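Participant: Return atomic coordinates for the entry below.
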Amino acid sequence: MTAISIIYGTEILGMTYELLQRSGVAERLRRAMRVVVKPNLVVAKPAREGATTHPEIVEGIIRFLKDFGIAKPVIAEGSWLGEQTGRAFSCCGYEALAKRYGLQIIDTKKDKIVKKNAYGLTLGICATFLETDFLINVPVLKGHCQTVMTCCLKNLKGCIPDSEKRHYHNIGLHKPIAALNTILKPDLHIIDGICGDPVFEEGGNPVTANRILIGTDPVLLDSYGATLIGYQADEIGYIRYAKEYGVGNLFGADTKIDEFQTENRPKNRTQNQSQLVCELAQLIDDNNACSACYAALIFALNKSGIRNSGKKFTETIKIGQGFRGKQFDGIGVGNCTQGGKHNVPGCPPSANDIVQMLKKL
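Facilitator: Prediction:
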């Protein structure tokens, strides 16, 4: 299996199914397996707001598993403190999904707790996630107000009871998140990169990127995902600890990445943009930019802090196919703006590369 595979587009269910077909995961499955799918349903908000896993992704997974011959996959989740998981299952479309396919959905807030030890910590874990033959982790790539970002590694925090979530916050989130990933080791990670919120775990500022990623190494995926939203792995404590604890390897220049349907990177973006995204968009001169490139720039501008710095751009940042072959003095983002005096190459470029350019300038 390629280290990271990415598919672009808007047909979310079909994209997910195709990624699974291409991944070779069927070679690791057996029909008698108990398979548990763990999305991110942190709050009772629809996926379009940038906080929760699109049900179409999970439906694609369910269809693939059923076509393979796994009759009764399970969906399990425990929402964050103060939220009722049942409300999230209903609001986010999972209750309806379960009815369509005759699935069991488990609110792990009501689950049995099993104690495990790792790296000097005693951690309580919901039994459902330990009593499985194949665990599929389906996080959302998005920002987080305390840990900078959340993706594969942190999504496992939904596999612990509320009492343990309080404990993690008391002792600091990063080390226990990394330690948890030495105990729970999902067999597959499928990342919802459709429209994650760049700032808050609970959503409200969706930035459309329309991509889904798949892989087996959560450290690799998270460290790569960090670059997509404007960060470096060493800025995120739990990624550093997870690497130190042997959970996986960091993304690097030699990481093999396969991309599919790149021609389908859609041009449409979030229609009901938040005030944050609208303010950042004022710094952009967009001429027919595809959403993946545009999203990278939005993520980078948010990370750079330019919006609240008191500094003013003398010229907006140019982006989009309309700038192909044109020469200009300012900043351009993406291969289409290579005629700019300053250019961040890539199709799309990583948000982190854009951040580094903004720092230099």
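Participant: If you count neighbours, what's buried in stretch 176-193?
Facilitator: Buried positions in stretch 176-193, judged by neighbour count with 16 or more other Cβ atoms under 10 Å: 176-184, 186-193. Quick note: C-beta positions are derived from backbone N, CA and C, even for glycine.
Participant: all strands of the stretch 151-300 of the chain, in order?
Facilitator: 188-193, 211-215, 257-260, 284-286 (DSSP state E, counting those that start in this stretch).
Participant: of all those strands, which lies closest to Pro46?
Facilitator: strand 188-193 (12.7 Å; Cβ to Cβ).
Participant: Dump the C-alpha coordinates for that closest one into PDB.
Facilitator: Output of strand 188-193 as PDB, limited to C-alpha atoms (Å, rounded to 0.1, in the frame of the first residue of the first chain):
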ATOM      1  CA  LEU A 188      -6.600   1.900   8.500                       C
ATOM      2  CA  HIS A 189      -7.100   5.700   8.500                       C
ATOM      3  CA  ILE A 190      -9.400   7.500   6.100                       C
ATOM      4  CA  ILE A 191      -9.100  11.200   6.500                       C
ATOM      5  CA  ASP A 192     -12.100  13.500   5.700                       C
ATOM      6  CA  GLY A 193     -10.400  16.500   4.100                       C
END
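Participant: Next, the angle strand 211-215 makes with the one helix or strand Ile6 maps to.
Facilitator: Counting by DSSP states H and E, the element that carries Ile6 is strand 4-8. Angle between the axes of strand 4-8 and strand 211-215 is 160 degrees (criterion: axes from the mean of the first three to the mean of the last three Cα atoms, to 10 degrees).
Participant: Which strands and helices lie in contact with strand 4-8?
Facilitator: If you count contacts as 3 or more Cβ pairs under 8 Å, 6 or more residues apart in numbering; DSSP states H and E, strand 4-8 packs onto helix 12-23, strand 211-215, helix 218-228, strand 257-260.
Participant: could I get those as TSV with mean neighbour count and distance to Phe299?
Facilitator: Formatted as TSV, these follow (neighbours: other Cβ atoms under 10 Å; distance: least, Cβ to Cβ, whole Å):
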stretch	mean neighbour count	distance to Phe299
helix 12-23	20	20
strand 211-215	24	13
helix 218-228	26	7
strand 257-260	15	18
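Participant: For Val58, which of those is the nearest?
Facilitator: Using Cβ to Cβ, the nearest of these to Val58 is helix 12-23, at 8.2 Å.
Participant: send the alpha carbons of the closest one over as CSV?
Facilitator: Extracted C-alpha coordinates of helix 12-23, given in CSV (Å, rounded to 0.1, in the frame of the first residue of the first chain):
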residue,chain,number,x,y,z
ILE,A,12,-17.7,11.7,-1.7
LEU,A,13,-19.2,8.2,-1.5
GLY,A,14,-17.7,7.1,-4.8
MET,A,15,-14.3,8.6,-4.0
THR,A,16,-14.1,6.7,-0.7
TYR,A,17,-15.0,3.4,-2.4
GLU,A,18,-12.4,4.0,-5.1
LEU,A,19,-9.7,4.8,-2.6
LEU,A,20,-10.5,1.6,-0.7
GLN,A,21,-10.4,-0.4,-3.9
ARG,A,22,-7.0,1.0,-4.9
SER,A,23,-5.6,0.6,-1.4
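Participant: hmm, who's touching that helix?
Facilitator: By Cβ atoms under 8 Å, 6 or more residues apart in numbering, the surrounding residues in contact with helix 12-23 are 1-2, 5, 7-9, 26, 54, 56-57, 59-61, 63-64, 188, 190, 194, 212, 214, 258, 260-261.
Participant: Go again with 6 Å.
Facilitator: Helix 12-23 is contacted from outside by Met1, Ser5, Ile7, Gly9, His54, Glu56, Ile57, Glu59, Gly60, Phe64, Ile212, Ile214, using Cβ atoms under 6 Å, 6 or more residues apart in numbering.
Participant: Can you give the strand pairings for the strand holding Ile6, parallel or anti for each?
Facilitator: Strand pairing for strand 4-8, using DSSP bridges, gives strand 211-215 (antiparallel), strand 257-260 (parallel).
Participant: any residues touching the first one, and which ones?
Facilitator: Read it as strand 211-215. So strand 211-215 is in contact with 4-8, 15-16, 19, 23, 189-191, 193, 221, going by Cβ under 6 Å, 6+ apart.
Participant: now stretch 174-183
Facilitator: 116, 118-119, 121, 123, 153-154, 156, 168, 237-238, 241-242, 245, 247.
Participant: Dump the strands of the stretch 151-300 of the chain to CSV, plus distance to Pro161 and mean pLDDT.
Facilitator: Below are the strands of the stretch 151-300 of the chain laid out as CSV (distance: least, Cβ to Cβ, whole Å; pLDDT from 0 to 100):
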stretch, distance to Pro161, mean pLDDT
strand 188-193, 22, 98
strand 211-215, 28, 97
strand 257-260, 36, 96
strand 284-286, 43, 88
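Participant: now for these, which one comes closest to Val37?
Facilitator: Nearest to Val37 among the strands of the stretch 151-300 of the chain is strand 188-193 (9.0 Å), distances taken as Cβ to Cβ.
Participant: returning to that earlier point: can you say which of the contacts of stretch 174-183 are buried?
Facilitator: 118, 121, 123, 153-154, 156, 168, 237-238, 241-242, 245, 247.
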